[in-house]
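K.L.:
Got a predicted structure here, sequence first:
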Amino acid sequence: MRITETFHSIQGEGPLMGIPMFFVRTNRCNLRCSWCDSTYTFTGGIEIELGTLVSEVSGSWEDWICFTGGEPLIQAEAEEFVRRVAGLGKRILIETGGSMPIDRYVTIGNTVIDMDVKTPSSGEQDSIHLQNLELLRDGDYLKFVIKDQADYEFAREFITRHPGIRNLLLQPCFGTNVRWLVESVIRDRLKARVQGQFHKEIWGEMRGV
Ligand code: SF4
């Protein structure tokens with residue numbers, strides 16, 4: 001497995017916000033979102049033997065593991081890692097950009113999937129692996145990063161076209177007017193949660209938290 005880093009922190013977004021987690025941040029991503037805050041994962045990194053990484057996870061005190069990146073699902077050993085961590089009795093949150101198939105992960109117990117739908121401002125709007133949408137379970141969720149009106153309209157139309165997905169998260173991009181976004185959601189009766197990134201409120205752009 002090629003990773004960028006591991007660290008202890010709390011989940012900064014979504015329905016699991018505030019829960020202490022042990023983070024495994026993988027190295028490399030297949031996308032290049034314009035507002036990416038993890039560009040340091042694009043290069044460098046270290047190779048770690050899967051057993052060593054699983055041992056480190058096993059020794060962590062947290063009940064939850066956050067498997068993030070970069071794009072964790074491009075790692076050749078991603079599925080094996082998730083299976084082994086779930087087998088430890090840990091719960092594992094998989095954060096994916098949405099371009100990689102999730103079919104092998106939704107059958108694994110103790111997992112929650114946090115999947116992005118890339119909005120126009122990302123520059124990766126067409127990257128979604130659409131078949132994933134039918135596989136999401138009740139506890140999984142979809143996230144849209146909203147920078148501007150075009151992003152909001154895109155998200156609104158997408159949500160309208162896929163009414164079966166229950167857990168929806170609209171995350172304002174840094175600098176986006178949150179009040180405008182909240183008022184848009186209320187006006188349009190959109191059943192989506194608006195939520196910023198908690199860890200940025202605490203630590204700013206600091207890495208490894
Ligand atoms: S998918 Fe995530 S890590 Fe990859 S470029 Fe986009 S924001 Fe960055």
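P.N.:
Perfect, I can see it now. Since the model is a prediction, treat every value here as computed from it, not as a measurement. Numbers count the residues shown, from 1 in each chain.
K.L.:
how about the residues of this protein that lie near the ligand?
P.N.:
29, 31-33, 36, 38, 41, 69-71, 97 (C-beta under 6 Å from any ligand atom). (C-beta placed from N, C-alpha, C; glycine too.)
K.L.:
And the residues you listed, which two are furthest apart?
P.N.:
Across the residues of the chain next to the ligand, the longest distance by C-beta to C-beta is 12.8 Å; it joins 32 and 69.
K.L.:
of the two, who's got more company?
P.N.:
Neighbours per residue, other C-beta atoms under 10 Å: of residue 32 and residue 69, the larger number sits with residue 69, 25 against 12.
K.L.:
is the residue nearest to the more buried one when sequence neighbours are not counted in a bridge, and if so with what?
P.N.:
Leaving aside its chain neighbours, residue 69 sits nearest to residue 26 (4.4 Å; criterion: C-beta to C-beta, 6 or more residues apart in numbering). Counting by DSSP bridges, residue 26 forms beta bridges with residue 3.
K.L.:
Touching, residue 26 and residue 66? I think so.
P.N.:
No. Here residue 26 lies out of contact with residue 66, judged by C-beta atoms under 8 Å, at a distance of 11.0 Å.
K.L.:
just so I have it, where are all the helices in the chain?
P.N.:
50-58, 78-87, 149-161, 178-187, 198-203 (DSSP state H).
K.L.:
and the ones you listed, which is most packed in?
P.N.:
helix 78-87 (a mean of 18; mean count of other C-beta atoms under 10 Å).
K.L.:
Tell me the gap between that one and the middle of its chain.
P.N.:
17 Å (C-alpha atoms, centre = their mean, to the nearest Å).
K.L.:
Also stretch 137-151?
P.N.:
10 Å.
K.L.:
Quick check: buried residues in it?
P.N.:
140-147, 151 (16 or more other C-beta atoms under 10 Å).
K.L.:
Pick out whichever of those residues sits closest to residue 84.
P.N.:
Checking the buried residues of stretch 137-151 one by one against residue 84 (C-beta to C-beta), the nearest turns out to be residue 140, at 20.5 Å.
K.L.:
give me the beta-bridge partners of the closest residue to the closest one other than its chain neighbours?
P.N.:
Spatial nearest neighbour of residue 140, chain neighbours left out: residue 113 (4.2 Å); criterion: C-beta to C-beta, 6+ apart. With DSSP bridges as the criterion, residue 113 is bridged to residue 94.
K.L.:
pLDDT score assigned to residue 113?
P.N.:
Residue 113 is assigned a pLDDT of 98 by the prediction.
K.L.:
residues in contact with it?
P.N.:
By C-beta atoms under 8 Å, 6 or more residues apart in numbering, residue 113 lies in contact with 93-94, 96, 102, 105-106, 136-137, 140-141.
K.L.:
The same query, at a cut-off of 6 Å, please.
P.N.:
By C-beta atoms under 6 Å, 6 or more residues apart in numbering, the contact set of residue 113 is 94, 102, 140.
K.L.:
Quick check: of the residues you listed, which lies closest to the ligand?
P.N.:
residue 94 (12.9 Å; C-beta to the nearest ligand atom).
K.L.:
Would you mind checking which helix or strand in this protein has the lowest mean pLDDT?
P.N.:
helix 198-203 (a mean of 75; mean pLDDT, DSSP states H and E).
K.L.:
Identify all contacting residues around that helix.
P.N.:
12, 17, 209.
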